[in-house]
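Student: Pasting the sequence and the predicted coordinates here, then a few questions.
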2 protein chains.
Amino acid sequence: MTSATSSIARYYANNEKRFISELVELLKFPTISADPSHDKDCRNCAKWLARNLSGIGLKSRLLETPGKPVVFAERIMDRNRPTILVYGHYDVQPVDPIDLWKTPPFAPVIKGDNIFARGAEDNKGQFFYVIKALEALIALKLVDCNIKVILEGEEEFSSHGMSVSLPKWKQLVKADSLIVTDVNTVNSGEPTIIMGLRGIVQLTVELDGPSYDLHSGSNGGVAPNPATAMARLIATLHKDDGSIAVKGFYKDVAEPTRNERKMANSVKFDKAQYKKITGVDPVGGEKRFSPAERLGFRPTIEVNGIHSGYGGPGSKTIIPSKSIAKITSRLVEGQDPDKMLGLIIDHLKSNTPVGMKLTLSDKHVAGPAIKIDAGSTLVKKAALVLKKLTGIKPVYLWEGASVPVITKLARTSGADTLFVGFGNAKHRAHAPNEYFEKKLFKLGYLFAAEMIQSGK
Amino acid sequence: MTSATSSIARYYANNEKRFISELVELLKFPTISADPSHDKDCRNCAKWLARNLSGIGLKSRLLETPGKPVVFAERIMDRNRPTILVYGHYDVQPVDPIDLWKTPPFAPVIKGDNIFARGAEDNKGQFFYVIKALEALIALKLVDCNIKVILEGEEEFSSHGMSVSLPKWKQLVKADSLIVTDVNTVNSGEPTIIMGLRGIVQLTVELDGPSYDLHSGSNGGVAPNPATAMARLIATLHKDDGSIAVKGFYKDVAEPTRNERKMANSVKFDKAQYKKITGVDPVGGEKRFSPAERLGFRPTIEVNGIHSGYGGPGSKTIIPSKSIAKITSRLVEGQDPDKMLGLIIDHLKSNTPVGMKLTLSDKHVAGPAIKIDAGSTLVKKAALVLKKLTGIKPVYLWEGASVPVITKLARTSGADTLFVGFGNAKHRAHAPNEYFEKKLFKLGYLFAAEMIQSGK
């Protein structure tokens, strides 16, 4: 163990209590970006973060966008030295179904090693260990490169504000390496380097029928039913074999290289473990691909919600006046997001059941997929650090999730990108009772400090 | 005009203000039978009705059932005279979506001729004019038959309590004629005699997938999606031509006689008017039948609601953990309700998508269809009275709705049944902003008084 490494570890031990208590403060902000009533909470959280970053020695400020403010902080020591850019997002997913939370989502609770709160893992817990690593490096005078931090407030809601603002921030975000921790390890908990993320587009589908809920007796068999119609429309999106039935949707899908496919399948997908964690067999998607291939190299169309008519106790004999469905589509390399959203829209239009008025809203093209070059020096360095910290050889994963703005940030900053995080499926990101583990917070801190210590 | 007829009309004019104010009191009880939290409100309403019936000269009491209490009242003048039995229900449909109500559903508001409240038409307004007709007949000493009134509290929720209790009330409900006003006139507002009602069965379908909402990126293409699965399951219930795809569902459907079909189609179905009232073209159901035939002689399977996952603003990238659908099926003559419910259940079981756990609940067999003999003397008398009161020849309608307990009540009481009511589609029964019209309340009163005046 180098002296730097042991200083960094000692700094953690001496400050852990404060680190966790600061994280708890951060988690108290109800920064739900999808809900405009939380705009103020988002801004307050951004201000809190700017203060925290100033406190550790970075020059910080809020960058205004058409959406939520972006926190930007930097510490330039020498323009000739390499620059590391850290990305994170302070916004979180909505909290419903709220009644399934055992403790309130924005009143963080620590039980044993676990910190329960919305955002505990995704992404507050995971970017905050990087900030604390920066604090340690600066305090210990171990930092030998320029540092930039960018924290957005709309990652769970299309990253629109940051995305449209990036072109004018080109100088600001210029960097050699981009570190993103908003990712998971494989289920087994093995250290993981993410080699790709899927892109994502979204839309809300509404079918309007009667102008009010009709009596299902006096109108059943005469009025068309928007609930049935939505079911029939959604059912046209997939074929029985689990593949997507939208015309042309697979046409531009880039096939993975033989090496990528081999690396992806080298991580054993443990079906029993998956069922144990999620409660469900891994039988979604296209039957003819392995789960790892389906996640890494194949697009999806997922229904995130359907709502129509009555859902309470007993029965209500109505034909509902309308129905809505929330849809997101994950894209892979080769697929142009605008084109794919267009194909989905065309499909919905041409399959709208008779008697229904189709309205499409919330149409967002969040971003395309991103794939990391297998020969990247940043990837190689991360592999060494992960092996050193955990004693385990890291696995390489083409992840199914999306960090929509990253492709754009990577391109604008000119930086090589590294995706390494320590979340995993057990932490219930996006679900009730989300949590993160203190021991993983520490591991993330140690990893970030080692990676940043000597610059690129 | 006979002297009796003019006395009855005068009595209305002298008491109208009180009649309406009593109706307003009745409408204030939030008697939602589907919601157990309103049990007390239902009982209080039943007590209020018993007092009102005692007040006009009937011997009244509450009959306990396994569900809500039934109000029973009678006035026996001579066991050798005919007995008329009046049926109604004091329970109402749920009120959601509550935010679409312009005034609170249980704070009745009178605007011009209209009384707005949940239950204003279905069925409080429609049975209360019969009670007020009884009041007038008794006060004017114009009643020449025995009178029985039975008001249940679970018609909107399967009529279970009354249905299972009827066998032991055989003597109590014995009657020659049964008058039911829980029905509509045709859209044009012409006086209408209902010649049949459909039967109904219901169930709630639940599909369980993941044990919590999963991240749609990290799991999309691997975990099966309960929202998509429910859509695909529901879509199997019908064929593209609008017919029901459940095996054997049409096998026992009784064909209407040529005369019945002719009478049904003699009522012009005004498509433009239907669209104006409901906001939708009459394009539901089986393409090869006319709207009147579809309503009167063909069964349906209607989805009254589907709910799964996120439905709020923006987007939430989840695979929902479960989905539910509320289903009711309207049955016609010949179809055994238990058998039909069984066929639907078999269909759902054999079409459940892979990876999903199917749970069926709220399974209720409310009752079979009922069809009135076209030669009934009660029907003939009603036709004369309606013509006299309105100047318009009544139309004969095989209605699509259901009053599940009526078949059983008709059989148990031994009575001929008459279905005449003055509701219509504009009154928004089962929907927000339900209302009834004072002029129709008066017409109902006059009709009921004429029908009951001389017994059978």
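Tutor: Perfect, thanks for sending it.
Student: Please count neighbours and contacts with C-alpha atoms only from this point.
Tutor: Will do.
Student: Burial check on the residue of the stretch 1-150 of chain A found nearest chain B, number of neighbours?
Tutor: Relative to chain B, the nearest point of the stretch 1-150 of chain A is A:Ala34 (5.4 Å; C-alpha to the nearest C-alpha). Neighbours of A:Ala34 under the rule other C-alpha atoms under 10 Å in any protein chain shown: 22.
Student: Can you report phi and psi for it?
Tutor: Geometry field for A:Ala34 lists phi and psi as phi -70, psi -20, criterion degrees, to the nearest 10.
Student: show me what contacts it?
Tutor: A:Gln93, A:Pro94, A:Glu156, A:Phe157, B:Pro313, B:Gly314, B:Ser315 (C-alpha atoms under 8 Å, 6 or more residues apart in numbering or on different chains).
Student: what's the answer for A:Lys168, then?
Tutor: Neighbours of A:Lys168 in contact, by C-alpha under 8 Å, 6+ apart: none.
Student: Could you look up the SS state of it?
Tutor: At A:Lys168 the chain is in helix, as set by DSSP: H, G, I helix; E, B strand; the rest coil.
Student: how much space between it and chain B?
Tutor: 26 Å (C-alpha to the nearest C-alpha, to the nearest Å).
Student: got the residues of the stretch 301-450 of chain A near chain B?
Tutor: Applying C-alpha under 8 Å from any C-alpha of the partner chain, one finds that the stretch 301-450 of chain A approaches chain B through A:302-311, A:313-320, A:324-326, A:328, A:330, A:354-355, A:362, A:399-402, A:428-432.
Student: Touching, A:Ile318 and A:Tyr212? I think so.
Tutor: No: in this structure, A:Ile318 is not within contact of A:Tyr212 by C-alpha atoms under 8 Å, at 9.7 Å.
Student: So for these two, which sits in the more crowded spot?
Tutor: When A:Ile318 and A:Tyr212 are compared for neighbours, A:Ile318 comes out ahead with 29 against 22, by other C-alpha under 10 Å.
Student: Next one, pLDDT for the more buried one please.
Tutor: A:Ile318 carries a pLDDT value of 96.
Student: What of A:Ser454?
Tutor: On pLDDT, A:Ser454 comes in at 68.
Student: what does A:Val246 give?
Tutor: A:Val246 is assigned a predicted lDDT (pLDDT) of 98.
Student: Which residues are in contact with it?
Tutor: A:Leu237, A:His238, A:Leu343, A:Ile344, A:His347.
Student: Make a markdown table out of the residues you listed and add secondary structure.
Tutor: What follows is the contacts of A:Val246, written out as a markdown table (three-state DSSP):
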| residue | secondary structure |
| --- | --- |
| A:Leu237 | coil |
| A:His238 | strand |
| A:Leu343 | helix |
| A:Ile344 | helix |
| A:His347 | helix |
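Student: Could you work out the most separated pair of the residues you listed?
Tutor: Put simply, by C-alpha to C-alpha the two of the contacts of A:Val246 set farthest apart are A:His238 and A:Leu343, 13.7 Å from each other.
Student: can you list the domain ranges for chain A.
Tutor: Chain A breaks down by automatic domain parsing into domains covering A:3-184+A:401-453, A:199-253+A:299-367.
Student: Relative to B:Thr377, which of the ones you listed is closest?
Tutor: Nearest of the domains of chain A to B:Thr377, taken as C-alpha to C-alpha: domain A:199-253+A:299-367 at 26.0 Å.
Student: So for the longest helix along chain A, what gets flagged as buried?
Tutor: Longest helix in chain A by number of residues, with DSSP state H as the criterion: helix A:3-27. Going by neighbour count (16 or more other C-alpha atoms under 10 Å in any protein chain shown), the buried part of helix A:3-27 is A:Ala4, A:Ile8, A:Ala9, A:Tyr11, A:Tyr12, A:Glu16, A:Phe19, A:Ile20, A:Leu23, A:Val24, A:Leu26, A:Leu27.
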